[in-house]
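1. sequence and predicted structure below; questions after.
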Amino acid sequence: MKKIIIFTILFIFNSFLINADEQIKPNFFTQFEPESFKKSYTTITTKMAAFQKNSGFDAKIFNLFALSAAAGMKCEYCVMAHTYEAKKAGATEEEIKIAVMIAGVVSLNSTVLYGNQYSQEKLKKMLE
């Protein structure tokens with residue numbers, strides 16, 4: 001059942017991303033868009049495939065970046081989708097773990113510096 005749900009979600013995502021250069025059409029995310037946005041959100045979500053294609057990164061690296069961001073934001077939907085897409089593009093279990101660990105380490109270090117009110121000026125000088 002879990003595989004069917006994952007497949008369905010990803011099928012829906014991929015189906016609206018495939019023809020990103022065509023006229024903007026409603027997609028999976030359109031149902032969540034308030035009318036006051038005037039289809040701006042639909043436009044953005046429809047153009048994601050073109051963004052990935054033009055990013056200069058292959059599908060594996062792009063989805064590993066996205067997975068790291070998703071893990072940092074704690075978005076279970078995005079983690080599921082980008083893990084699937086990264087694996088489909090050839091990512092190994094080790095690469096998945098690294099992408100997630102990067103998010104964790106950045107979050108850890110950010111929390112430590114922020115919580116200790118470490119001076120950004122000191123950090124800038126240290127990085128020069």
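-> Yep, that arrived.
2. show me how this protein divides into domains.
-> By the assignment in automatic domain parsing, the chain contains the domains 1-54, 56-128.
3. got CSV for the ones you listed, with mean pLDDT too?
-> Converted to CSV, the domains of the chain look like this (pLDDT from 0 to 100):
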stretch, mean pLDDT
domain 1-54, 71
domain 56-128, 97
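4. need the ones you listed in JSON lines (columns: mean neighbour count).
-> For every residue, glycine as well, the C-beta is placed using N, CA and C. Below are the domains of the chain laid out as JSON lines (neighbours: other C-beta atoms under 10 Å):
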{"stretch": "domain 1-54", "mean neighbour count": "13"}
{"stretch": "domain 56-128", "mean neighbour count": "14"}
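5. which elements pack onto the longest helix out of those in the chain?
-> As assigned by DSSP state H, the longest helix anywhere in the chain is helix 93-115. Helices and strands touching helix 93-115, as assessed by 3 or more C-beta pairs under 8 Å, 6 or more residues apart in numbering; DSSP states H and E, comprise helix 59-73, helix 76-88.
6. quick one: list the elements packing against the first one.
-> It refers to helix 59-73. helix 76-88, helix 93-115.
7. the inter-axis angle of that helix versus helix 93-115?
-> 40 degrees (axes from the mean of the first three to the mean of the last three C-alpha atoms, to 10 degrees).
8. and helix 59-73, how far out from the chain middle?
-> 5 Å (C-alpha atoms, centre = their mean, to the nearest Å).
9. stretch 33-46 now?
-> For stretch 33-46, the distance to the chain centre is 18 Å (C-alpha atoms, centre = their mean).
10. over to stretch 48-67?
-> Put simply, stretch 48-67 sits 9 Å off its chain's centre (C-alpha atoms, centre = their mean).
11. and what of stretch 31-51?
-> 16 Å.
12. next one: stretch 71-88
-> On C-alpha atoms, centre = their mean, the centre of stretch 71-88 falls 7 Å from that of its chain.
13. put the alpha carbons of it into CSV.
-> These are the backbone C-alpha positions of stretch 71-88, laid out as CSV (Å, rounded to 0.1, in the frame of the first residue of the first chain):
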residue,chain,number,x,y,z
ALA,A,71,15.1,17.4,5.6
GLY,A,72,16.1,20.7,7.1
MET,A,73,12.6,22.0,6.8
LYS,A,74,11.2,18.7,8.1
CYS,A,75,8.8,18.3,5.1
GLU,A,76,7.9,14.6,5.1
TYR,A,77,6.2,15.0,1.7
CYS,A,78,9.3,16.5,0.1
VAL,A,79,11.6,14.1,1.8
MET,A,80,9.6,11.2,0.4
ALA,A,81,9.4,12.6,-3.2
HIS,A,82,13.0,13.8,-3.4
THR,A,83,14.4,10.5,-1.9
TYR,A,84,12.5,8.6,-4.5
GLU,A,85,13.6,10.9,-7.4
ALA,A,86,17.2,10.9,-6.3
LYS,A,87,17.3,7.1,-6.1
LYS,A,88,15.5,6.9,-9.5
